[in-house]
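*Asks:* Quick check, what structure comes out for this input:
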Amino acid sequence: MNVISAVPSAIRLWLAGARTARLRQILDSAVHLSGFTEPRADRIQTALTMRLGAPGDETVTLTERSADETRTYRFRTGEGDLAERLAAVAGGRGGLRVKVLLHPAACFVRSLDLPSASLPRMRALLAEELEAATPFRAGGVYSDWFVEGEDVAARTLRVRHVVIKKTRLDPVLDALAQAGLPAGPVAVGRAEDQTMPVDLLSHGHRVLPALTGARSGDAALWLGAGLLLAVAFWGWRAHQDATLASLDQAFTAARHAAGTGMAPPVQAGLAAILAGRAPPLAPTWDALSAALPEGVSAAALHLDATGALMTLIVKDEAGALAALGRLPGFGPPVLQTALDEPGGMRRLVLHLPRPGRGGRP
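*Replies:* Purely as a prediction, here's the structure:
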């Protein structure tokens, strides 16, 4: 079957508009190598093959193939026990698929020249044309079609349309169903090696074959799809990271511009506000606890813009003053009050000035 009918609609539309036969051959070859070739359902080998003769011939020939021999059985479609005989031939092998081969004279076959652009909706177009030009109705027939040829210059396709009435085929299909034997495909031809590329049970549907077979192009298709997905994800992540980085840079630049663009009085006011802030409490308390020696306890701590005012209970006054002199962020301690406490302890009120902030009055 022409490979055009096996590719997606968008690609088929592009193929229909190709202007040169050379380009068409290249595209057909690429699709074939990619694994998108459509299988010949009519050439599928099955263990059971049923042949129906020309109109007026009610003989049904059933061929059974096995590894050892080939057997042929003949029945008549008018016999009421056809289903039982078919089941007896199958020998209890339920689910055994049966290919049905119809004589071409039993079908209505016609050839049509249609525009290449109609390929994506060929099934619907043929159904409409069938009802308009013949006494058949789409719901009362089994049909299929295939592309015989193409006129690239005229942009037309030569389409063969094969139709059979359901009243002719349904008794056979019903007998197979009663025997537990699924039917398909339903091919048309004088012999199994002379069939048309059709399956009348498909009703003209065209789908891509599943990508689960063992064909050579399937692995490449799956690998290519995986690589494309990985590249797309990587590109999306890279774009996202680049966008966030550019936003960070833009915000940083805007902040710098806003900071440097303030008027001098505003900058002076901000500097005064920052200068009037007291040192942070938690870091100062941690640094004070680490600096004081053993046996010294802090009874009170007050922080303001000028420094820290604290009350200590000490036994070694000189050691405590020396330790506080090494406290980072503050100047040497200034003793303001010293009182004796029971047990030889001393209560000291000290002020630790912040450099450049002046003393405490």
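
*Asks:* Now find how far off-centre the strand or helix carrying residue 228 is within its chain.
*Replies:* Assessed by DSSP states H and E, residue 228 sits inside helix 216-260. A distance of 18 Å separates the centroid of the chain from that of helix 216-260, by C-alpha atoms, centre = their mean, to the nearest Å.

*Asks:* what's the average pLDDT for it?
*Replies:* For helix 216-260, the per-residue pLDDT values average out at 86.

*Asks:* for stretch 323-343, same thing?
*Replies:* In this model, stretch 323-343 has a mean pLDDT of 85.

*Asks:* and what of stretch 133-151?
*Replies:* In this model, stretch 133-151 has a mean pLDDT of 91.

*Asks:* buried stuff in that stretch?
*Replies:* Residues of stretch 133-151 classed as buried by neighbour count (16 or more other C-beta atoms under 10 Å): 136, 138, 141-147, 150. The C-beta positions use only the backbone N, C-alpha and C, and glycine is treated the same way.

*Asks:* same thing with stretch 115-129?
*Replies:* Those buried within stretch 115-129 under the rule 16+ other C-beta under 10 Å are 116, 119-120, 122-123, 125-127.

*Asks:* Now it - C-alpha only, PDB.
*Replies:* As requested, C-alpha coordinates have been extracted for stretch 115-129 and formatted as PDB (Å, rounded to 0.1, in the frame of the first residue of the first chain):
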ATOM      1  CA  PRO A 115      -7.400  15.700  -5.200                       C
ATOM      2  CA  SER A 116      -4.300  14.900  -3.200                       C
ATOM      3  CA  ALA A 117      -5.500  17.400  -0.500                       C
ATOM      4  CA  SER A 118      -8.400  15.100   0.200                       C
ATOM      5  CA  LEU A 119      -6.200  12.400   1.600                       C
ATOM      6  CA  PRO A 120      -6.600  13.300   5.300                       C
ATOM      7  CA  ARG A 121     -10.400  12.900   5.000                       C
ATOM      8  CA  MET A 122     -10.500  10.200   2.400                       C
ATOM      9  CA  ARG A 123     -12.700   7.800   4.300                       C
ATOM     10  CA  ALA A 124     -15.400  10.400   4.900                       C
ATOM     11  CA  LEU A 125     -15.200  11.600   1.300                       C
ATOM     12  CA  LEU A 126     -15.600   8.200  -0.100                       C
ATOM     13  CA  ALA A 127     -18.600   7.500   2.100                       C
ATOM     14  CA  GLU A 128     -20.300  10.700   0.900                       C
ATOM     15  CA  GLU A 129     -19.500   9.900  -2.700                       C
END
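
*Asks:* Run the chain-centre distance for stretch 283-297.
*Replies:* The gap between where stretch 283-297 is centred and where its chain is centred comes out at 61 Å by C-alpha atoms, centre = their mean.

*Asks:* what does stretch 47-62 give?
*Replies:* Worked out by C-alpha atoms, centre = their mean, stretch 47-62 lies 47 Å from the chain centre.

*Asks:* Could you do stretch 244-262 as well?
*Replies:* Here the centre of stretch 244-262 is set off from its chain's centre by 38 Å, with C-alpha atoms, centre = their mean.

*Asks:* Please name the residues that touch the closest residue to residue 193 other than its chain neighbours.
*Replies:* Using C-beta to C-beta, 6 or more residues apart in numbering and skipping residues adjacent in sequence, the residue nearest residue 193 is residue 43, 8.0 Å away. Residues touching residue 43, when contacts are defined by C-beta atoms under 8 Å, 6 or more residues apart in numbering, comprise 192-193, 195.

*Asks:* try 10 Å this time
*Replies:* With contact taken as C-beta atoms under 10 Å, 6 or more residues apart in numbering, residue 43 is in contact with 99, 185, 187, 189, 192-193, 195, 197.

*Asks:* Top of those by number of neighbours, please.
*Replies:* Of all those, residue 187 has the most neighbours under the rule other C-beta atoms under 10 Å, reaching 27 neighbours.

*Asks:* Does anything pack onto the helix or strand hosting that one? Which helices or strands?
*Replies:* In this structure, residue 187 is located in strand 183-188 according to DSSP H and E. Counting contacts by 3 or more C-beta pairs under 10 Å, 6 or more residues apart in numbering; DSSP states H and E, strand 183-188 packs against strand 48-52, strand 98-102, strand 141-151, strand 156-165, helix 166-178.

*Asks:* Give me whichever of those is most buried.
*Replies:* Neighbour counts (mean count of other C-beta atoms under 10 Å) averaged over each of these peak at strand 98-102, with a mean of 24.

*Asks:* tell me which strands and helices the helix holding residue 228 is in contact with?
*Replies:* Here helix 216-260 touches helix 21-33, helix 264-275, going by 3+ C-beta pairs under 10 Å, 6+ apart.

*Asks:* Could you tell me the angle between that helix and helix 264-275?
*Replies:* Relative orientation of helix 216-260 with respect to helix 264-275: 100 degrees, computed using axes from the mean of the first three to the mean of the last three C-alpha atoms, to 10 degrees.
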